[in-house]
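Peer 1: Fold the stuff below for me.
(chains A and B)
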Protein chains: 2
Amino acid sequence: MDFGGKTLSGLIYRRTHRIKGYECDITGEITLPSLVNLMMDLSGQQSDSLGNTNDQMSERGLSWIIVQYDMQIERMPHQGEEIILETEAMSYNRFFTYRRFRAYDENEQLCVEVMTNFVMMDIETRKMVQIQKDLLTVYQADEIRTMVRMQKPIQLEPENRKEQDFRVRYLDIDYNRHVNNAKYFDWIINTIDPKFIMDHQMTAVTIKYEKEVEYGNSITSVMSTKEAENGEIITAHRIMNGEDLACEAHMIWKKV
Amino acid sequence: MDFGGKTLSGLIYRRTHRIKGYECDITGEITLPSLVNLMMDLSGQQSDSLGNTNDQMSERGLSWIIVQYDMQIERMPHQGEEIILETEAMSYNRFFTYRRFRAYDENEQLCVEVMTNFVMMDIETRKMVQIQKDLLTVYQADEIRTMVRMQKPIQLEPENRKEQDFRVRYLDIDYNRHVNNAKYFDWIINTIDPKFIMDHQMTAVTIKYEKEVEYGNSITSVMSTKEAENGEIITAHRIMNGEDLACEAHMIWKKV
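Peer 2: Alright, predicted model coming up:
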């Protein structure tokens, strides 16, 4: 991640978590949706612990919206492991806040690192607003004037695309009345050939959310696969809601 | 539940759990699949704590299979609540074991009670086998000669049925290589009109599993609704895998 040479940091918040069987896939490793859910919950826990609750946000008619995740995966921890989850609100500028998550194993070896990018949304208009700084002071994050450079999602190949349709279901909608951001990973992963998933290991993931989807929408998950010169395999993904791009993503894989 | 007048009990195992946002639906209450996942994990935790692990089962080529849940719901706990989850392996006969789960709120008020019925399955043949008693002694459950009477799922109405098709997805399959039993609740709930769910409160649920479904299967979730004389509303459900009945269920609701 490019922080323009500045030292950027905020308060660190940690918690341990034993990985449950139902959080894992057939390989016994935690699924991406489960990991993302745990991380989002962790940042909520940090906010609560600092007295900066969701209630305070909603009193001002605001809500946090996740824009992007950039993940580096050393290894996905598996069922029964007691992992350490860590988060840190690192920096913010006029519109964006940057938060890092890490998952370590019980020997403090880094398993997964995730850089994320949140904005504040007006709940009524569903539009992004300027960051209200006073809500951020508790995190002790640094104010910056620049943008942190996030990954650009790799674009779909023009040919050999594969696609799968999904309906947005009642249980996909959370208390905030929109589709939980972890669901997009469900749609993406469930479009990939299971044999490919079991024969490969994910090493990096980038996802960028563009437009919310709603209950009852029919979405199409489109993907393509290509092999890079270094032998890595890149899957590129788009979630389309009719003509609208709901999110773009790519995943980098190596053979196991 | 009818225990034939006998006192039946085993060791009790408890744990607290803070309900996460992603475990809840749009109403802010924990979803049935999330609650069931937590309960199944709890019984696994009890087994581990008593030194009776899944590994011991698999060494003998055995796995636990859930046959039925009977739930009584006082109220579904909601996001942020710190609940107490409790389980007790109560009794067993030649083929069945009976385990109770309870969820209490932080004031020890009972929210949900679930009676369950497990069998031991031979992993190779996928068939039920006689209970191997020595694996059960650690739970201090009572051996009984009778069957515990569980609820019979209420049958579908002959008319005005509603149905919805679902594909079994890669992420629906867990480490045991079959569809996680909580998934069936996803299919059932996602077939009900969301407006009905939001206008009603679930007071009882019975589900009986008949036949496993596999990755790639296309299942149909069928339901019907009727009003009982006492004003309660009963939804009856079937998950069909082609011609095969995968599971039957009913839910009892009252207006909110």
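
Peer 1: and A:Thr116, bridged to which residues?
Peer 2: Beta-bridge pairing of A:Thr116 under DSSP bridges involves A:Tyr69, A:Arg99.

Peer 1: That one and A:Ile66 touch, don't they?
Peer 2: Yes - contact status for A:Thr116 versus A:Ile66: in contact at 6.2 Å, counting by C-beta atoms under 8 Å. Using the backbone N, CA and C atoms, a C-beta is placed for each residue, glycine as well.

Peer 1: Return the residues in contact with the spatially most central residue of chain A.
Peer 2: Closest to where the C-alpha atoms of chain A average out (C-alpha atoms, centre = their mean) is A:Tyr69, at 4.0 Å. Counting by C-beta atoms under 8 Å, 6 or more residues apart in numbering or on different chains, A:Tyr69 touches A:Val36, A:Val114, A:Met115, A:Thr116, A:Val205, A:Thr206, A:Ile207.

Peer 1: Going by distance to chain B, which of those wins?
Peer 2: A:Val36 (8.8 Å; C-beta to the nearest C-beta).

Peer 1: burial count for the closest one?
Peer 2: 25 (other C-beta atoms under 10 Å in any protein chain shown).

Peer 1: And it, its phi and psi?
Peer 2: Per-residue torsions, A:Val36: phi -60, psi -40 (degrees, to the nearest 10).

Peer 1: What separation is there between the closest residue to it other than its chain neighbours and A:Ala228?
Peer 2: Spatial nearest neighbour of A:Val36, chain neighbours left out: A:Ala182 (4.3 Å); criterion: C-beta to C-beta, 6 or more residues apart in numbering or on different chains. Distance, A:Ala182 to A:Ala228, using C-beta to C-beta, to the nearest Å: 27 Å.

Peer 1: And A:Ile123, by the same measure?
Peer 2: For A:Ile123, the distance to A:Ala228 (C-beta to C-beta) stands at 41 Å.

Peer 1: Kindly report the same for A:Leu62.
Peer 2: Distance from A:Leu62 to A:Ala228, by C-beta to C-beta: 41 Å.

Peer 1: neighbour-wise, which of those two wins?
Peer 2: Taking neighbours as other C-beta under 10 Å, A:Leu62 and A:Ala228 compare with A:Leu62 leading, 19 against 10.

Peer 1: Pretty sure that one sits against A:Arg126.
Peer 2: No - the criterion here is C-beta under 8 Å, and A:Leu62 misses it with A:Arg126 at 11.5 Å.

Peer 1: Which helix or which strand is home to the nearest residue to A:Glu23 once chain neighbours are set aside?
Peer 2: Distances taken as C-beta to C-beta, 6+ apart put A:Ser34 closest to A:Glu23, at 3.8 Å, once the chain neighbours are dropped. Assigned by DSSP states H and E, A:Ser34 belongs to helix A:32-49.

Peer 1: Can you list the helices and strands that that helix packs against?
Peer 2: Secondary-structure packing of helix A:32-49 (3 or more C-beta pairs under 8 Å, 6 or more residues apart in numbering or on different chains; DSSP states H and E): strand A:12-18, strand A:82-92, strand A:97-104, strand A:110-122, helix A:183-189.

Peer 1: Could you check the next helix or strand after the last one against chain B for contacts?
Peer 2: Meaning helix A:183-189. Next along the chain after helix A:183-189, taking DSSP H and E as the criterion, comes helix A:194-199. Yes - Helix A:194-199 is in contact with chain B by C-beta under 8 Å from any C-beta of the partner chain, via A:Pro194, A:Ile197.

Peer 1: Quick one: distance of helix A:194-199 to the chain centre.
Peer 2: On the basis of C-alpha atoms, centre = their mean, to the nearest Å, helix A:194-199 sits 22 Å off its chain's mean C-alpha point.

Peer 1: who in chain A is up against chain B?
Peer 2: A:20-22, A:24-28, A:31, A:33, A:37, A:40-41, A:44, A:79, A:169-171, A:173-175, A:177, A:180, A:182, A:186, A:189-190, A:192, A:194, A:197, A:215.

Peer 1: again, only this time at 6 Å
Peer 2: A:20-22, A:24, A:26, A:28, A:31, A:37, A:41, A:79, A:169-171, A:173, A:175, A:180, A:186, A:189-190, A:194 (C-beta under 6 Å from any C-beta of the partner chain).

Peer 1: Comparing A:Thr116 and A:Ile66, which residue is more hemmed in?
Peer 2: The residue with more neighbours, out of A:Thr116 and A:Ile66, is A:Thr116; 25 against 18, by other C-beta under 10 Å.

Peer 1: can I assume the residue nearest to A:Glu23 is in contact with A:Gly21?
Peer 2: No - using C-beta atoms under 6 Å as the test, A:Ser34 is too far from A:Gly21 to be in contact (10.8 Å).

Peer 1: Have a look at those two and say which one is more surrounded.
Peer 2: It is A:Ser34, of A:Ser34 and A:Gly21, that has more neighbours when counted by other C-beta under 10 Å, with 21 against 17.

Peer 1: Show me where the stretch 151-256 of chain A has its strands.
Peer 2: With DSSP state E, counting those that start in this stretch as the criterion, the stretch 151-256 of chain A has strands at A:162-167, A:200-209, A:218-227, A:233-241, A:244-255.

Peer 1: Buried residues in the helix or strand of chain A with the lowest mean pLDDT, which are they?
Peer 2: The helix or strand of chain A with the poorest confidence is helix A:54-59; it has a mean of 84 (mean pLDDT, DSSP states H and E). Judged by neighbour count (16 or more other C-beta atoms under 10 Å in any protein chain shown), helix A:54-59 contains these buried residues: A:Asn54, A:Met57.

Peer 1: Just the CA atoms of it, as PDB, please.
Peer 2: Listed next in PDB are the C-alpha coordinates belonging to helix A:54-59 (Å, rounded to 0.1, in the frame of the first residue of the first chain):
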ATOM      1  CA  ASN A  54     -23.600   3.200  15.200                       C
ATOM      2  CA  ASP A  55     -26.200   5.100  17.100                       C
ATOM      3  CA  GLN A  56     -24.100   8.200  17.100                       C
ATOM      4  CA  MET A  57     -23.800   7.900  13.300                       C
ATOM      5  CA  SER A  58     -27.500   7.300  12.800                       C
ATOM      6  CA  GLU A  59     -28.400  10.300  15.000                       C
END
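
Peer 1: residues in contact with that helix?
Peer 2: Helix A:54-59 has contacts (C-beta atoms under 6 Å, 6 or more residues apart in numbering or on different chains) with no other residue.

Peer 1: Any stretches of chain A with poor pLDDT?
Peer 2: A:1-8 (pLDDT under 70).

Peer 1: Between the strands of the stretch 151-256 of chain A, which one is closest to B:Met147.
Peer 2: Proximity to B:Met147 (C-beta to C-beta) singles out strand A:162-167 among these, at 40.3 Å.
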